[in-house]
Structures are given as structure tokens and as C-alpha cells.
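Q: I would like the atomic coordinates for the input below:
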Amino acid sequence: MINQIYNPRIIVWSNLVSKFLSPIYLFFNLFRKTYSITDIDIKTILITEFHRIGDILIIAPALKNIKQAFPNAHLILICNKASADLAKDLNLANEIIPIAVPWTDWNWSLIKWWKARSFAKKISYKNIDIAFDFKGDLRNSWFLWKTKPKVSFGYDTTGGGYFFTYPNKMNQNSHQTDRAKELVAKIGCSDIFESPKKLKNNNGAVVFHIGASDPSRLWPLEHWSELAKLLSENYLIGLVKTPESHYLEKKIDAMNLNVEYFEGSLVELKNWLKYQKCLISPDSMAGHLAAYIGLPTVSIFGSQSPRLTCPLNDDYGVVIKPPKKCNHIRNHWRFCGQCMESVVPESVFIEVNLLLS
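A: From the prediction side, this is the model:
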């Protein structure tokens with residue numbers, strides 16, 4: 001079966017919307033000056049990625065490739081507000097611009113859409129030479145078009161190929177990082193990004209980060225408490241405080257386990273993780289952050305395919321999947337809470353010991 005990042009039903013409907021809009025924007029394109037990429041003196045490059053924090057970390061290798069290929073160009077990254085400080089700390093671009101857009105914040109007011117349009121118009125004054133959007137989302141594509149780049153690259157998975165100078169077909173069976181690197185290679189960016197060296201901290205903690213953006217990606221709290229009990233025999237446990245962790249904190253305190261708690265910003269979390277043993281998390285931002293700095297990771301996946309979004313650290317990372325293929329009735333077309341529940345603490349415990357040995 002082909003893995004997909006978009007619900008097939010959404011793809012059908014968005015492509016119908018795209019066809020409805022196409023005469024309007026094809027007409028507008030007639031009044032735009034056309035450029036050949038070979039004739040452009042590339043001074044300003046724009047990247048838009050304003051969905052999730054993990055997405056910023058996933059496309060980081062592509063950003064590094066751009067900076068290596070065009071060291072004198074001004075690289076602009078538009079990202080969500082939660083990612084901005086981390087992106088600045090990692091030096092992912094010369095200019096980091098945070099934004100909240102209605103289609104990622106699930107705020108459908110016309111005022112929010114008008115503000116997004118006005119924001120894109122302000123970006124257009126920066127005289128963008130080349131722009132990229134890696135998402136394949138019709139709304140992202142429209143936003144990028146409004147920034148008026150001379151040349152643009154993106155995926156037309158949900159329609160809107162007319163928003164790009166060079167629309168591309170997305171391989172929905174490849175990792176999100178590879179799809180980003182594939183696009184920037186179109187302007188001669190070689191894949192030079194190397195994975196960081198594995199961190200080895202004998203005195204650190206085995207860190208739990210239990211949060212995720214979708215409830216169907218969460219591992220049951222009872223499983224976390226059981227895993228903490230199993231691991232506490234040989235390891236110090238670390239717990240990142242999140243909105244989901246309150247119950248687990250109480251449970252762990254009641255068991256009198258030796259636990260180190262962390263509470264702070266994303267940048268502070270990155271710096272704290274550098275001194276830990278490993279990180280255990282569901283499919284979420286935390287795994288990508290740990291992999292980015294070289295910390296061993298154990299990622300718990302449910303019904304979704306790890307091939308598309310797993311942390312890129314094959315030498316020091318483990319992905320744990322349910323023992324059986326999903327056959328549950330579920331609310332989400334890709335995520336399944338029952339599959340997450342079927343991953344038992346004992347199997348995670350074994351994988352952690354193997355990874356740290």
C-alpha cells in the first residue's frame with residue numbers, strides 16, 4: 001500500500017477547488033513577468049514552513065544545503081510562532097519571520113485570511129528571487145504566490161500548480177526531509193548535510209516526552225508510568241513537563257521514583273537534552289529535536305508509516321511499531337489510538353536497553 005501524507009478524500013476535494021480557481025490565477029499570471037532561473041542573480045531565497053515545530057526540524061537539512069550552495073544569498077524562513085526562537089538558535093536562516101495562519105491554527109475567520117494575504121504582500125517587498133514551499137498544500141501555495149517571487153518551486157499534491165513557476169509531483173512514499181531536499185536540488189543544492197555525532201552521556205537521564213499535536217498519536221499514560229517503573233531500576237528518569245504530563249507526574253511521585261523534571265522553552269530543552277542518555281517519545285517534535293542534536297531516540301508509532309516522518313538517525317534511533325497491522329475503526333484516517341495502546345511497555349523497555357547497550 002502506498003503511504004500518504006494527505007487524506008485521499010481531501011486531495012480530491014482540494015483539486016476540485018483548484019480547478020475552480022485556475023482560470024482566475026492563470027489570468028493573473030499573464031500580467032506577471034516571467035524569468036528564467038539561469039538569468040537570475042540569486043540574492044534572496046524564501047522558504048515557507050509554518051505548520052508544526054517538527055516540520056522545521058525535518059526541513060533543516062534542506063536549509064543547510066541552500067546555505068552551503070548560496071552563502072551570499074539572504075535566506076528567509078517563514079515559520080510558525082512556536083518554532084521561531086528555536087529556528088533562530090539553530091541558525092537555520094538569515095532572517096526568521098514568525099506567522100500564524102488560519103489554516104494551521106484552525107481559525108477560519110475572514111479577518112485572519114485577510115491578514116495572511118496582507119502579510120504575504122509585505123514579504124513581496126523584499127524582492128524574492130526564488131521561493132520554496134515543501135508542503136504540497138493548496139493554501140500554502142496560494143500564500144507563496146502572493147509573495148511574488150521571480151521563480152518558485154513546490155508540490156501540487158492538492159492542486160494549485162499554477163501558483164508555482166516549477167510545480168512538481170510529490171512522491172508521497174518518501175520521507176518529508178527527502179522531499180524538501182529534492183526540491184532545493186532543482187537549483188543546484190547538493191546534499192551536504194551530515195547527521196550529528198551520537199551523544200554519549202553516561203550520567204544523563206532516559207527522558208520521556210509524552211506530548212504530541214494529535215491525541216491519536218499519544219501513548220497511554222498508564223503505559224508511561226509502567227515504563228518509568230521498569231526503567232527506574234537502572235536509569236534516572238527525566239520527564240519533560242507538557243500539558244499532557246500532569247497525571248503522569250502525580251503517578252510517578254506516588255511511586256517515589258527518582259525523576260528529574262524539565263520545564264522551559266524549546267531552546268532550553270535542546271540544551272538540556274544534550275546532557276541526557278536518550279529520549280522516548282511518540283511521533284512528535286521531540287524525537288526530531290533529539291535526533292538533530294545527536295541524542296539516541298526511541299520513537300513510538302501507531303498506524304502511521306514511520307517512513308514518512310521518523311527521526312533521521314538510523315545509527316542511534318529505534319522506531320517501535322504495533323505488533324499487528326491496524327484493523328480498528330478509527331476517527332483519523334492515518335492515526336490510531338488503539339494501535340498506540342497495543343505497543344506494550346515491556347517492548348519499549350527492551351528496545352531502550354538494547355539501544356543504550
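
Q: quick one: buried residues of the strand or helix carrying residue 222?
A: Per DSSP states H and E, residue 222 falls inside helix 221-231. For helix 221-231, a neighbour-count test (16 or more other Cβ atoms under 10 Å) marks 221, 223, 224, 225, 226, 227, 228, 229, 230, 231 as buried. Using the backbone N, CA and C atoms, a C-beta is placed for each residue, glycine as well.

Q: Tell me which helix or strand comes right after it.
A: Remark: after helix 221-231, the chain's next helix or strand is strand 237-240, criterion DSSP H and E.

Q: Redo the buried residues of helix 221-231 as TSV? Include distance to residue 15 and pLDDT.
A: Output for the buried residues of helix 221-231, formatted as TSV (distance: Cβ to Cβ, whole Å; pLDDT from 0 to 100):
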residue	distance to residue 15	pLDDT
221	40	95
223	40	97
224	41	97
225	45	96
226	45	97
227	43	97
228	47	97
229	50	96
230	48	97
231	48	97
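
Q: Looking at these, which is nearest residue 273?
A: Nearest to residue 273 among the buried residues of helix 221-231 is residue 231, at 17.0 Å by Cβ to Cβ.

Q: Who are the contact partners of the closest one?
A: Counting by Cβ atoms under 8 Å, 6 or more residues apart in numbering, residue 231 makes contact with 206, 237, 349, 352.

Q: swap the cut-off to 6 Å and go again
A: Residue 231 makes contact with residue 206, according to Cβ atoms under 6 Å, 6 or more residues apart in numbering.

Q: now do residue 128
A: Applying Cβ under 6 Å, 6+ apart to residue 128 gives the contacts 44, 46, 147, 149.

Q: Same question for residue 28.
A: Residue 28 touches nothing, counting by Cβ under 6 Å, 6+ apart.

Q: A helix includes it, no?
A: Yes - under DSSP: H, G, I helix; E, B strand; the rest coil, residue 28 sits within a helix.

Q: quick one: the strands in the stretch 51-200 of the chain?
A: Ranges of strands in the stretch 51-200 of the chain, per DSSP state E, counting those that start in this stretch, are 74-80, 95-99, 130-133, 151-155, 166-168.

Q: Over to the stretch 201-350 of the chain?
A: Under DSSP E, counting those that start in this stretch, the stretch 201-350 of the chain gives strands at 206-208, 237-240, 259-262, 278-282, 297-300, 317-320.

Q: Pull the distance from the last one to the chain's centre.
A: Strand 317-320 has its average C-alpha position 17 Å from the chain's average C-alpha position, going by Cα atoms, centre = their mean, to the nearest Å.
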